[in-house]
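A.B. asks: please find the sequence and the predicted model below.
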Amino acid sequence: MQAKCEICHKEFSQKIYLRVHMKMHTGAKPYQCEVCGKEYAKNAHLKRHVETHNARKIHHCDECGKNFTVQAQFEMHVRRHNGEKPFCCKMCTKDFATNYHLKRHIAIHLGLKPYHCDICSKDFTTKPQLVTHIRTHTGDKPFGCEKCDKKFYNKSHLTRHIKTHLGVKPFPCGVCGKSFSIKSLLEMHCRTHSGVKPFHCDICGKDFSHKSSLEVHNKSHTGDKPFTCDICGKGFASKSFLRKHVRRHTAVKQFHCEVCGKDFLQKNNLEIHMRRHTGEKPFVCDMCGKEFAQNFQLKGHMRIHSGEKPFTCQICDKEFVQNFHLQGHMRMHLREKNLQCKVCEKTFSENFHLKRHIRTHTGEKPYLCELCGKGFSDNYHLKRHIRIHTGEKPFQCDICEKQYAEKSLLKKHIKTHTLENIFHCQVCGEDFFDYFHLKIHLESHIA
């Protein structure tokens, strides 16, 4: 008669095996080593551990100095150094160092996920994945670092963490020589050289070099923000974004700007900030020579030349050059205006719009023209003003090559070619290219 586990639904031929299995879920470890006090869920595991105290560690790895009492474990370990992978998947020809890893890989092809979480209904390919996952619900972190007291859900994360203390980085990059503590980090790094982006978004077609980046990106389509700040309630798509945000509430801003007195959490943020004072713009566009203080600004600018608009609105299909433009546009659909001015109670969808509006109350004009000293409430109006001094006209008509200092003037000019949006006077039949001039014209009839 078969015995079935009510938690993960695994079946056993005898009840005694089920009782042993249940210890995995309950965390019970009744078998203790008399030598060092370490505890185990199974007697067989305790016996194997005791051998490490009794037996001579005759299997020595010459590569890293590690010792093994079991030859099979030693052979598996050696394969990590020499790169030997004798177990091959017949479905995709991928190779593995152990038969266990091959079996786990084949389950991915077959779509097998026999291990079920009863708390959130998520399914897993292997038992260790389920066990680790359950700890995210219970908060149990049994693997602790002896040097810094940090705790982890599974042993592999602890092992990876310990290497940060030891400074061990045995995996060097063949291209740039940079070394990494674990092989998976090296593989991710190598994609920065090769440009390979194997993770594809089925919704917008965007590709990513890391699986975690794709998972975070997918939440931009679904709007899912499962990680919430306990201090202010703000939601985030990933745990790393949340951690970064929490530092703003808790961390000491130890990096101080000597020019304006502003403090920063990280040194690189201070360095970027200093460029505002020094005027340094190290990132230069190869096509037009325009300079930028930050690399992401250059990347966004390059899309103007390429015409690339990778961020698409799922409601109206409008495309945008930058993601924050899309986010601002989405709020127009959602009519989300949850940022309120405390002076006049006007609401805004964007924080920078609110800040700009507040300056109309305070009269603050922090953006100064270095040529004439005139102040402006925002950077956009300062840039537009500077063109009066320089004579720069960056907006060019593709049809007649006429140039303009402002984008709005170019748009108005283009209508003269396309005859788009003609405003017609119903009194005398005269046409105008914008409503403003039609309105002035109508007053002449009224007069």
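C.D. replies: Cool, the structure landed.
A.B. asks: contact partners for the residue nearest to the spatial centre of the chain?
C.D. replies: The chain has residue 213 as the residue nearest its centroid, 5.2 Å off, counting by Cα atoms, centre = their mean. By Cβ atoms under 8 Å, 6 or more residues apart in numbering, the contact list for residue 213 reads residue 199. Where C-beta positions appear, they are placed from N, C-alpha and C, glycine not excepted.
A.B. asks: so which strand or helix has it?
C.D. replies: helix 211-222 (DSSP states H and E).
A.B. asks: for residue 42, which non-adjacent residue is closest in space?
C.D. replies: residue 20 (6.1 Å; Cβ to Cβ, 6 or more residues apart in numbering).
A.B. asks: figure out the length between the terminal residues of stretch 95-114.
C.D. replies: 24 Å (Cα to Cα, to the nearest Å).
A.B. asks: scratch that, stretch 99-119 is what I was asking about
C.D. replies: First residue to last in stretch 99-119 (Cα to Cα) measures 31 Å.
A.B. asks: ok, now stretch 386-406?
C.D. replies: 12 Å.
A.B. asks: so what's the residue count around residue 317?
C.D. replies: As a burial measure, residue 317 scores 7 neighbours (other Cβ atoms under 10 Å).
A.B. asks: does it count as helix, strand or coil?
C.D. replies: Secondary structure for residue 317, judged by DSSP: H, G, I helix; E, B strand; the rest coil, is coil.
A.B. asks: measure it to residue 194 for me?
C.D. replies: 33 Å (Cβ to Cβ, to the nearest Å).
A.B. asks: residue 97 - how many residues pack around it?
C.D. replies: 19.
A.B. asks: residues touching it, list them.
C.D. replies: 76, 79, 80, 84, 85, 86, 87.
A.B. asks: show me the two of those residues that sit farthest apart.
C.D. replies: Across these, no pair lies farther apart than 80 and 87, at 13.8 Å, counting by Cβ to Cβ.
A.B. asks: returning to that earlier point: so which bits of the helix holding residue 213 are buried?
C.D. replies: By 16 or more other Cβ atoms under 10 Å, the buried positions in helix 211-222 come out as 213, 214, 216, 217, 218, 219, 220.
A.B. asks: which residues touch the fifth one?
C.D. replies: Which is residue 218. 201, 203.
A.B. asks: gap between it and residue 225?
C.D. replies: 12 Å.
A.B. asks: re earlier: tell me which entries of the contacts of residue 97 lie within helices.
C.D. replies: 76, 79, 80 (DSSP state H).
A.B. asks: can you tell me the closest non-neighbouring residue to the second one?
C.D. replies: Same thing as residue 79. Residue 79's closest residue in space is residue 97 (Cβ to Cβ, 6+ apart), at 4.3 Å.
A.B. asks: low-confidence ranges, the stretch 1-150 of the chain, go.
C.D. replies: 1, 8, 27, 52-58 (pLDDT under 70).
A.B. asks: for it, which segments count as strands?
C.D. replies: 3-4, 11-12, 31-32, 39-40, 59-60, 67-68, 87-88, 95-96, 115-116, 123-124, 143-144 (DSSP state E, counting those that start in this stretch).
A.B. asks: could I get the ones you listed in JSON lines, plus columns for mean neighbour count and distance to residue 300?
C.D. replies: Putting those into JSON lines (neighbours: other Cβ atoms under 10 Å; distance: least, Cβ to Cβ, whole Å) gives the following:
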{"stretch": "strand 3-4", "mean neighbour count": "13", "distance to residue 300": "57"}
{"stretch": "strand 11-12", "mean neighbour count": "12", "distance to residue 300": "56"}
{"stretch": "strand 31-32", "mean neighbour count": "15", "distance to residue 300": "60"}
{"stretch": "strand 39-40", "mean neighbour count": "16", "distance to residue 300": "55"}
{"stretch": "strand 59-60", "mean neighbour count": "14", "distance to residue 300": "55"}
{"stretch": "strand 67-68", "mean neighbour count": "15", "distance to residue 300": "53"}
{"stretch": "strand 87-88", "mean neighbour count": "14", "distance to residue 300": "45"}
{"stretch": "strand 95-96", "mean neighbour count": "16", "distance to residue 300": "41"}
{"stretch": "strand 115-116", "mean neighbour count": "18", "distance to residue 300": "44"}
{"stretch": "strand 123-124", "mean neighbour count": "17", "distance to residue 300": "39"}
{"stretch": "strand 143-144", "mean neighbour count": "14", "distance to residue 300": "42"}
